[in-house]
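Asker: Here is the input, now give the coordinates:
(chains A and B)
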Amino acid sequence: MSQPRHIGDVLLKVDNVSLSFGGVKALTDISLDVREHEVRAIIGPNGAGKSSMLNVINGVYHPQQGTITIHGKVRRDMNTYAAASHGIARTFQNIALFRGMSVLDNIMTGRNLKMKATLFEQAIWIGRARREELANRRKVEEVIDFLEIQHIRKTPVGRLPYGLQKRVELARALAAEPSLLLLDEPMAGMNVEEKQDMCRFILDVNEQYGTTIVLIEHDMGVVMDISDRVVVLDYGKKIGDGSPDEVRNNKAVIDAYLGTH
Amino acid sequence: MSFFFEVLIGGLLSGVMYSLVALGFVLIYKASGVFNFAQGAMVFFAALTYVGLLEVGLSPWLAIPATLAVMVVLALVTERVVLRPLVNQPQITLFMATIGLTFFIEGLAQMIWGANVRGLELGLQDEPLQWVTDNTGMNVSKFDLAAAGVAAVLVTVLALFFSRTRIGRALRAVADDHQAALAVGIPLQQIWGIVWGVAGAVALVAGLLWGARNGVQYALTFVALKALPVLILGGFDSVPGAIVGGLIIGATEKLAEVYLGPYVGGGIEGWFPYVMALLFLLVRPEGLFGEKIIRRI
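Answerer: Predicted structure coming up:
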């Protein structure tokens, strides 16, 4: 799948980002870029700083140094709300769905920023609030069809098996029609079939909607198959960056994974 | 048997009054994890403000929206000034803050409107409904029925709002998972503001009804204590739990008073709900409808 596609300009640029928690350096001087419409993977051994990197992009963590440029604008200290309104959606390593709510309601929350009716309009349920609800509902049904989860629409999320919960989380992120989609270990803990399904969905999203995807994944087979470019982190430092083939043959990367330092 | 039902119905209807107070607790607890001890003081503040505005010469139809506005402002200011700076502090800190808030709100209310006990007239008599008495031989209070009707309307409106609108959905989402809510672009602080505002409005309804029943006085703050067993029974984070819990507490305390009371010299209505709550804590600490917390070890 790594043939060149309609890959565009740089969408997100991370320059010299360093992040530490007290004395612990999570990220040291990381630079990387993500181009429009590509699937970009971040890999590395446990504790390499992959999730930290995602959290920086998403605005959860504020790096002590470095800049993040998105859509050509420099952003420092962006919070998660601002990130969401800039078209960044994400999924979490340990599923963060609203467990008590139905699948449909969960996915509808993904549309939150697209809905503008005021509290007052909603309270009395007139005009704009009603129209908006219906229009967004239609959009959500599209996502539901796309991810093939029609049969569980009304089920409370807490009752679903793990693999389906992961898919609902992806659906919620997609409902926001993001320009940048961050996936934190979308296949962790899945069996082979679930992984294949998830791979197919990720590629379909990328192809049909042209969504740019940044993903963290441990399954090397998957990563090498679906990503256009891969960046490798180890102990918070970048040790490799390039096409899957380049990364596979990179000495530093092989050492990091085999543990010969 | 007719007597039994009369007591039961009376109990259920008075339970609705407890539910109204409990509802205010549940709303805030669900959305922000804060057990707002000041809910009782808010009830008192609402009742006193309403009566005070009437004394100033406002008509009841003006005084109600005016009081509503005051309550919403009070709630928003509380959220902004007291709770928001304490975000991410341990629960006990937040709880202590709301206890402090209780005394502050009480003091503020009495500073503005004076401390004497007043009556509150809603135009509803606490007397048996003639039609029911004629047909079934039971005495059912008009006032209690009206209170139950108001509570039913309030709960229906809240339920629709929570399930059918974007902000309602956002409220439930925030209640479920803060981190995920932020990531999908739900503004946490705006949501907390709305929840406090709604809790203020609920306090107004409870304040009017409780004030009409017991008189508007300082002790109104302590209806909050009556809501505690309701919350323990129903679960701190469940709106239906607050309703069912209130009904059960109301019914059992009246039945216990009538049927068990004579054996122990009466007056058990006051403490029986707490015994129930204690038993419940031993058997089902999360309440009837509360979310069971399961931890992996």
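
Asker: if you skip the residues just before and after it, what's nearest to residue B:277?
Answerer: Of all residues beyond its chain neighbours, the one nearest residue B:277 is residue B:229 (3.7 Å), with distances taken as CB to CB, 6 or more residues apart in numbering or on different chains. For every residue, glycine as well, the C-beta is placed using N, CA and C.

Asker: List the contacts of that neighbour.
Answerer: B:245, B:249, B:273-274, B:276-277 (CB atoms under 8 Å, 6 or more residues apart in numbering or on different chains).

Asker: which of the residues you listed tops the neighbour count?
Answerer: Among those, the one with the most neighbours (other CB atoms under 10 Å in any protein chain shown) is residue B:245, at 32 neighbours.

Asker: name the helices or strands packed onto the helix or strand that contains it?
Answerer: Here residue B:245, judged by DSSP states H and E, is contained in helix B:239-259. Applying 3 or more CB pairs under 8 Å, 6 or more residues apart in numbering or on different chains; DSSP states H and E, one finds that helix B:239-259 contacts helix B:2-32, helix B:142-164, helix B:223-234, helix B:272-283.

Asker: can you redo the contacts of residue B:229 as a markdown table with pLDDT and distance to residue A:52?
Answerer: A markdown table is the format used below for these (pLDDT from 0 to 100; distance: CB to CB, whole Å):
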| residue | pLDDT | distance to residue A:52 |
| --- | --- | --- |
| B:245 | 92 | 44 |
| B:249 | 92 | 49 |
| B:273 | 90 | 50 |
| B:274 | 91 | 49 |
| B:276 | 89 | 49 |
| B:277 | 90 | 45 |
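
Asker: and which of the residues you listed is nearest chain A?
Answerer: Taking CB to the nearest CB as the measure, chain A sits nearest to residue B:245 out of the contacts of residue B:229, at 18.2 Å.

Asker: Contact residues of the stretch 101-250 of chain B facing chain A?
Answerer: B:160-161, B:164-170, B:172-173, B:175-177, B:179-188, B:194 (CB under 8 Å from any CB of the partner chain).

Asker: Just read off the phi/psi values of residue A:62.
Answerer: Here is the backbone geometry of residue A:62 (degrees, to the nearest 10): phi -110, psi 110.

Asker: what's around it, how many residues?
Answerer: 12.

Asker: Against chain B, how distant is it?
Answerer: According to CB to the nearest CB, to the nearest Å, residue A:62 and chain B sit 14 Å apart.

Asker: gap between that residue and residue A:91?
Answerer: 21 Å (CB to CB, to the nearest Å).

Asker: contacting residues around residue B:273?
Answerer: B:226, B:229-230, B:249, B:252-253.

Asker: so what's the nearest residue to residue B:125 once chain neighbours are set aside up against?
Answerer: Of all residues not flanking residue B:125 in the chain, residue B:142 sits nearest, at 5.8 Å (CB to CB, 6+ apart). Applying CB under 8 Å, 6+ apart to residue B:142 gives the contacts B:124-129.

Asker: what about 7 Å?
Answerer: With CB atoms under 7 Å, 6 or more residues apart in numbering or on different chains as the criterion, the residues that contact residue B:142 are B:124-125, B:127, B:129.

Asker: okay, now residue A:79: neighbour count?
Answerer: 13.

Asker: just residue B:121 next, same as before
Answerer: Residue B:121 has 12 nearby residues by other CB under 10 Å.

Asker: what kind of secondary structure is it in?
Answerer: coil (DSSP: H, G, I helix; E, B strand; the rest coil).

Asker: Excluding sequence neighbours, find me the nearest residue to the residue of the stretch 51-200 of chain A found nearest chain B.
Answerer: Relative to chain B, the nearest point of the stretch 51-200 of chain A is residue A:84 (3.0 Å; CB to the nearest CB). Nearest residue to residue A:84 in three dimensions, chain neighbours excluded: residue B:185, at 3.0 Å (CB to CB, 6+ apart).

Asker: Wasn't the one you found part of a helix?
Answerer: No: secondary structure of residue B:185 (three-state DSSP): coil, not part of a helix.

Asker: My guess is it contacts residue A:81. True?
Answerer: Yes: using CB atoms under 7 Å, residue B:185 makes contact with residue A:81 at a distance of 5.9 Å.

Asker: Which one of these two is surrounded by more residues?
Answerer: residue B:185 (24 against 20).

Asker: Please name the residues that touch the more buried one.
Answerer: Residue B:185 makes contact with A:81, A:84-85, A:112-113 under the criterion CB under 7 Å, 6+ apart.

Asker: so where is chain A shaky, pLDDT-wise?
Answerer: For chain A, the stretches with pLDDT under 70 are A:1-5, A:76-77, A:116-121, A:123-126, A:259-261.

Asker: Close to chain B: what parts of it are there?
Answerer: Counting by CB under 7 Å from any CB of the partner chain, the residues of chain A lying close to chain B are A:58, A:80-81, A:84-85, A:90, A:92, A:96-101, A:105, A:108-110, A:112-113, A:115, A:117, A:119, A:122-123, A:125, A:129, A:172, A:176.

Asker: quick one: residue B:183 and residue A:82 touch, right?
Answerer: No: the pair residue B:183 / residue A:82 is not scored as a contact, 11.6 Å apart, by CB under 7 Å.

Asker: And the two? Which one has more around it.
Answerer: Ranked by neighbour count (other CB under 10 Å), residue B:183 and residue A:82 place residue B:183 first, with 27 against 13.

Asker: Of the contacts of residue B:185, which belong to helices?
Answerer: A:81, A:84-85 (DSSP state H).

Asker: Just give me the closest of the residues you listed to residue A:204.
Answerer: Taking CB to CB as the measure, residue A:204 lies nearest residue A:84 of the ones in helices among the contacts of residue B:185, at 22.9 Å.

Asker: how about the closest one, what does it touch?
Answerer: Residue A:84 neighbours (CB under 7 Å, 6+ apart): A:113, B:183-185.

Asker: do residue A:160 as well
Answerer: A:152, A:168.

Asker: cutoff 8 Å now
Answerer: Here residue A:160 is in contact with A:103, A:152, A:168 (CB under 8 Å, 6+ apart).

Asker: In the contacts of residue B:229, find the pair that's most separated.
Answerer: B:245 and B:274 (13.3 Å).

Asker: Any idea which helix or strand in chain B has the lowest mean pLDDT?
Answerer: helix B:130-136 (a mean of 76; mean pLDDT, DSSP states H and E).

Asker: next one: it to chain centre, how far?
Answerer: 31 Å (CA atoms, centre = their mean, to the nearest Å).

Asker: Show me which parts of that helix are buried, residue by residue.
Answerer: Neighbour counts over helix B:130-136 (16 or more other CB atoms under 10 Å in any protein chain shown) mark residue B:132 as buried.

Asker: for stretch B:18-33, same thing?
Answerer: Buried residues in stretch B:18-33, counting neighbours by 16+ other CB under 10 Å, are found at B:18-32.

Asker: just stretch B:72-90 next, same as before
Answerer: B:72, B:74-76, B:78-79, B:82-83.

Asker: Just the residues you listed: which are in helices?
Answerer: B:72, B:74-76, B:78.

Asker: just curious, which of the residues you listed is nearest to residue A:180?
Answerer: Sorting those by how near they are to residue A:180, with CB to CB, puts residue B:76 at the top with 34.6 Å.

Asker: Without its sequence neighbours, what residue ends up closest to that closest one?
Answerer: residue B:193 (5.5 Å).

Asker: elements contacting whichever strand or helix holds that neighbour?
Answerer: Assessed by DSSP H and E, residue B:193 sits inside helix B:188-214. Judged by 3+ CB pairs under 8 Å, 6+ apart, helix B:188-214 is in contact with helix B:2-32, helix B:39-56, helix B:60-78, helix B:142-164, helix B:166-176, helix B:178-183.
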